[in-house]
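Student: Give me coordinates for this.
(one chain, ligands or ions: 1)
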Amino acid sequence: MANVIVIGAQWGDEGKGKITDLLSRSADVVVRYQGGVNAGHTIVVKGQTFKLHLIPSGILYPKTDCIIGSGTVIDPQVLITELEQLKKVNISTDNLFISETAHVTMPYHRMIDKASEERRGSHKIGTTGRGIGPTYADKSERTGIRMLDLMDSQQLQEQLEWTINYKNIILEKLYNLPPLDPKQVIDEYLGYAERLRPFVVDASLKIYNAIQRRRNILFEGAQGTLLDLDHGTYPYVTSSNPVAGGACVGTGLGPTMIDRVIGVSKAYTTRVGEGPFPTELDGEIGELLCDRGAEFGTTTGRKRRCGWFDAVIGRYAVRINGLDCLAITKLDVLDELEEIEVCVAYEIDGVNCENFPSSAKKFSSCRPIYKTLPGWKQPTGNCRSWSDLPRQAQDYLKYLEELMEVPIAIVSLGPSRDQTIILEDPIHGPKRTLLHADGSPASLLTA
Ligand code: IMP
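Tutor: Coordinates of the predicted model:
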C-alpha cells in the first residue's frame, strides 16, 4: 500500500497528466485536491480527444475511484459537460465522487475575474478567466457556496438571494456590468444540483476508509509549485495550494498518511500568464521549444512562454514539496539543439544566489547564471531504456539530478504511454534525497 502525491515542480503544464495516468494503473483511488477548471488535461478515448478540466484522467480505469476533493472549486456547468462527453463514449462515471465541502464557481465569479483583470491593466495576473480567484476569495471571505449548499434547495435560495444582491452592487458600481437576476441563477443552479447530486459525498471520510482498507491512493495536484498561493511567485500565482502540503488540506487527510511525493518537471521550463520568468527565451530557440513541445494551454489555448531549465526553482520545488523523486518530461523536445543551457544560480544585485527569492521585485531583476551542455542532435522519441539514450542526453539528466539532489525516476520522451523510461520504481524505489555517508548527494544515475 502506498499513498502518493504527484505535483508540478514548475509553473504548471509539466506533463503531470501522463505521469498520473501511468501511476493510476496501480492506484485504487485518484484524488484531485485543489484548483478548478483553470487546469486541463487532454485525453484520447477511442480516437476521440477530450479536454477534461475537473474529472481526473483516472476515470478511464473502471476500477479506480476518482474523487474531486474539498480543496477544489467546481464550476458545475463545465463538470456536467465533461460528464456528458464521457457518457457519449460509454465511459462510466459511476466511480466519480465529489466532496460536499468543495466550493462552487458562480457566474459572478467568472464576471468579476475577467472584469478585475481588465481593471488591473498592466498589473494583470493573466488569469484563465474561469472565476477561480473570486471563488477562493469568497471561500476565505466566508460568503462561498459549497456543494452541500447546492444540494439543499432552500438553503441555496436563501444564500444566493443575499449573495447575488451583494455581488450586484460590486458588478454594477465597481465594474459597470449588468446585474444578475437572482431567480435565473438560482433556477440554473438548482438544475445543476439535480444532475450532480448522485456524486456528492463526504470525500474525506471516503478517502480515510480507503486508506484503512489499505487501498493505494494517488493525490493529483493541478498547476505547479511556482503558482502556489503561499509559496509561488506571488502575486502571479493561482489562488490555491498546488504544493504537496495542499493535498492534506485539500482532502482532509493527515500528513502521516502520505508515503511519497513525486515531482514532475519538464526538461526545460514554460509559463502561461504574466509574471517574472528568469530563463525565458524570446528568440528562435524559444519558438523552437514552443513548436516542438506544442506549448499551447489546454484551457485557454494561450501560447506558453518557453525557457531553459531552471535548477534554482527546481531545488526550491524539491524543498517545498519534500520530493522523493522526479519525473522529467518532454526530453525529446530538446533533440535538435546544438547546445543546451541550464540555469544553476541567479545573480541578484551583483550577488550570486542559489535560493529562490521570495521577493517578486528581486525575482524579476535576477539574471540567470548558465552552464552550457552539448546537445545530442538526434531523435530520442523511440528510446525505451537508459542505454538507448544518446550519451549527451544521459549527461544532461545526470546533471539535472546532481543539481536537484533527488533521483530522477521517470523520463518521458513523448505523449504516448510507451515513450517512457522508468529508471527507478517511483513508488517503491529509494526514498528522498540520496546522501553519501559524508553528506554529499549521491545520484542514482551516477551511482
Ligand atoms: P487563475 O488560476 O485562473 O486565477 O490564474 C492565475 C495564474 O495561474 C495565471 O498566470 C494562469 O495562467 C496560471 N494558471 C492557472 N492554471 C494553470 C494551469 O493549469 N497551467 C498553467 N498555468 C495556470
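Student: Check residue 437 and give its pLDDT.
Tutor: What the model reports for residue 437 is a pLDDT of 53.
Student: With the one 4 residues further on instead?
Tutor: Reading off the confidence values, residue 441 has pLDDT 52.
Student: The helix-or-strand element of the chain with minimal mean pLDDT close to the ligand?
Tutor: One helix or strand of the chain scores below all others by mean pLDDT, DSSP states H and E: strand 41-45, with a mean of 74. No. Against the ligand, strand 41-45 shows no contacts by Cβ under 6 Å from any ligand atom, the least distance being 8.9 Å. Every residue, glycine included, has its C-beta placed from N, CA and C.
Student: Could you give me the buried positions within that strand?
Tutor: Across strand 41-45, burial judged by 16 or more other Cβ atoms under 10 Å covers 41, 43.
Student: Quick check: next helix or strand after it?
Tutor: Sequence order places strand 48-52 as the next helix or strand after strand 41-45, per DSSP states H and E.
Student: who does the helix or strand just after that next one touch, helix- and strand-wise?
Tutor: Next along the chain after strand 48-52, taking DSSP H and E as the criterion, comes strand 65-68. The helices and strands touching strand 65-68, judged by 3 or more Cβ pairs under 8 Å, 6 or more residues apart in numbering; DSSP states H and E, are strand 29-32, strand 96-99, helix 203-212.
Student: could I get stretch 43-53 in PDB with only the CA atoms?
Tutor: Output of stretch 43-53 as PDB, limited to C-alpha atoms (Å, rounded to 0.1, in the frame of the first residue of the first chain):
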ATOM      1  CA  ILE A  43      -7.300  12.500 -23.100                       C
ATOM      2  CA  VAL A  44      -7.800  10.400 -26.200                       C
ATOM      3  CA  VAL A  45     -10.500   7.700 -26.000                       C
ATOM      4  CA  LYS A  46     -11.500   5.500 -28.900                       C
ATOM      5  CA  GLY A  47      -9.900   8.000 -31.300                       C
ATOM      6  CA  GLN A  48     -11.800  11.000 -29.800                       C
ATOM      7  CA  THR A  49     -10.000  13.700 -28.000                       C
ATOM      8  CA  PHE A  50     -11.400  15.300 -24.800                       C
ATOM      9  CA  LYS A  51     -10.200  18.200 -22.800                       C
ATOM     10  CA  LEU A  52     -11.100  17.500 -19.100                       C
ATOM     11  CA  HIS A  53     -10.700  20.200 -16.500                       C
END
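Student: The helix or strand hosting residue 139 near the ligand anywhere?
Tutor: Residue 139 is located in helix 132-141, with elements delineated by DSSP H and E. Yes. Helix 132-141 is in contact with the ligand by Cβ under 6 Å from any ligand atom, via 132-133.
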